[in-house]
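# Quick check, what structure comes out for this input:
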Amino acid sequence: MVRARNQVVELLRSTYWHWRFTGVCYGCYRGIYETVEAAIAAAPKAKKIGYDHADLAKDYQKGLSRTIGFYDYPMLFWLKGLLEENATVFDFGGNVGTHFYSYENYITYPHHLKWIVCDLPAINQAGAELAVQEQRSELTFTETLAAAEGSDVLIASGSIQYLPSTASPLEGLAKLQKKPQHLLMGRLPLCEGPPFVTLQNGGIVFYPVTVRNKQQFIHSITALGYELVDNWVDRSEPCSVPFHPEFSSLAFNGFYFKLVSSSL
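Here you go, the predicted structure:
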């Protein structure tokens, strides 16, 4: 009986990995790996790896949505009270300006707002082209975290998990003379146990996803001189790795951190 059950599970696992995950299962996860390199090595060869591809960037450009998801509401709740005249927002992993275009339909942007998107070269190029088409001079693009110097609010929604390191993902903030005053983070998969890497179906590409330990992640940010103001869990979408029930603590998290010490 046990042998038959194991055979069925293995058949289901194989079917999922080689057919459903490889196909149109957008957002699905596959496998548990110790490193990003191991996840990439295990990826099916049917698609490219990662974000920095011109065809993917064009898809983002053409498919830009100006609406928001359930997970955006906590971000908007805090953001609307943090933006003053001449404010600068640093949007880490902001794609082609997705948050900039969608959030303005729900909150009023202040006069002389500067919105800096930090992303990969191909994505930045598509975003810059779109900003010209939209005649949005307040929206600019960069590839470096150093450009967050002196910003008022740093947003990182659905982006930190795609950084390769399991260590502090924003440790580059420690090098800034003037850190962002506020950090708003959302759509971040975290777990209660050891960190790990999994593989995600991103449509025309696969992404390695780094899942960090929640308490370790919080400590990595507070160690930079920030205090935790708010933490929320987003359950609007599934967040699990099939055939790995031992990682049942996996969940999307959101945070608001406020800078209390700039001496670090």
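# Could you count how many residues lie near the residue nearest to Asn105 when sequence neighbours are not counted?
Distance criterion C-beta to C-beta, 6 or more residues apart in numbering; nearest residue to Asn105, sequence neighbours excluded, is Arg66 at 5.9 Å. (C-beta placed from N, C-alpha, C; glycine too.) As a burial measure, the neighbour count of Arg66 was computed by other C-beta atoms under 10 Å and equals 10.
# please renumber so the chain begins at 244
Okay, using 244 as the starting number, the last item reads as Arg309.
# where's Arg309, which helix or strand?
Remark: Arg309 resides in no helix or strand, with elements defined by DSSP states H and E.
# ok, so what distance separates it from Ala297?
Distance of Arg309 to Ala297, given as C-beta to C-beta, to the nearest Å: 23 Å.
# try Asn444
Relative to Ala297, Asn444 is positioned 20 Å away (C-beta to C-beta).
# One more: Asn338?
If you go by C-beta to C-beta, the gap between Asn338 and Ala297 works out to 14 Å.
# what's the burial count for Asn338?
Look at Asn338: counted by other C-beta under 10 Å, it has 24 neighbours.
# Next, the contact list for the residue lying closest to Pro407 once chain neighbours are set aside, please.
If the residues on either side of it in the chain are set aside, Pro407 comes closest to Val279, at 4.5 Å by C-beta to C-beta, 6+ apart. Contacts of Val279 were listed using C-beta atoms under 8 Å, 6 or more residues apart in numbering, and they are Pro407, Val440, Pro451, Thr453.
# how about a cut-off of 10 Å?
For Val279, the contacting residues are 292-293, 405-409, 440, 442, 450-453, by C-beta atoms under 10 Å, 6 or more residues apart in numbering.
# Which of the residues you listed ranks first by neighbour count?
Among those, the one with the most neighbours (other C-beta under 10 Å) is Leu442, at 26 neighbours.
# I'd say that one and Tyr450 touch.
Yes: using C-beta atoms under 10 Å, Leu442 is in contact with Tyr450, at 7.2 Å.
# so what sits against both of these two?
Here Leu442 and Tyr450 share the contacting residues Tyr272, Val279, Ala282, Ile283, Ala286, Ile292, scored by C-beta under 10 Å, 6+ apart.
# Pick the one among those residues closest to Lys457.
Top of the list for closeness to Lys457, among the shared contacts of Leu442 and Tyr450 and by C-beta to C-beta, is Tyr272 at 17.5 Å.
# I'd guessed that closest one sits against Leu442; true?
Yes: taking C-beta under 10 Å as the definition, Tyr272 is a contact partner of Leu442 at 6.7 Å.
# Overlap of the contact sets of the two?
Shared between the contact lists of Tyr272 and Leu442 (criterion: C-beta under 10 Å, 6+ apart) are residues Phe264, Tyr450, Val452, Val484.
# ok so, going back, neighbour count winner among Asn444 and Ala297?
Comparing Asn444 with Ala297 by other C-beta under 10 Å, the one with more neighbours is Asn444, at 22 against 12.
# okay, now Pro438: neighbour count?
Counted with other C-beta under 10 Å, residues neighbouring Pro438 total 17.
# for the stretch 244-393 of the chain, what spans make up the strands?
In order along the chain, the stretch 244-393 of the chain carries the following strands (DSSP state E, counting those that start in this stretch): 272-276, 291-292, 331-335, 357-361, 382-385.
# and Glu392, how many neighbours does it have?
Residues near Glu392, counting by other C-beta under 10 Å: 16.
# Okay, the nearest residue to it once chain neighbours are set aside and Ser394: tell me how far apart.
Across the structure, with C-beta to C-beta, 6+ apart as the measure, the residue nearest Glu392 apart from its sequence neighbours is Leu419 (5.0 Å). Applying C-beta to C-beta, the value for Leu419 to Ser394 is 9 Å.
# Please apply the same query to Ser483.
Relative to Ser394, Ser483 is positioned 34 Å away (C-beta to C-beta).
# Of the two, which one has the most company?
For Ser483 and Ser394, the more surrounded residue by other C-beta under 10 Å is Ser394, and the numbers stand at 22 against 16.
# OK, contacts around Leu307?
The neighbourhood of Leu307, defined by C-beta under 10 Å, 6+ apart, consists of Asn338, Val339, Gly340, Thr341, Tyr344, Ser345, Ala369, Gly370, Leu373, Glu377.
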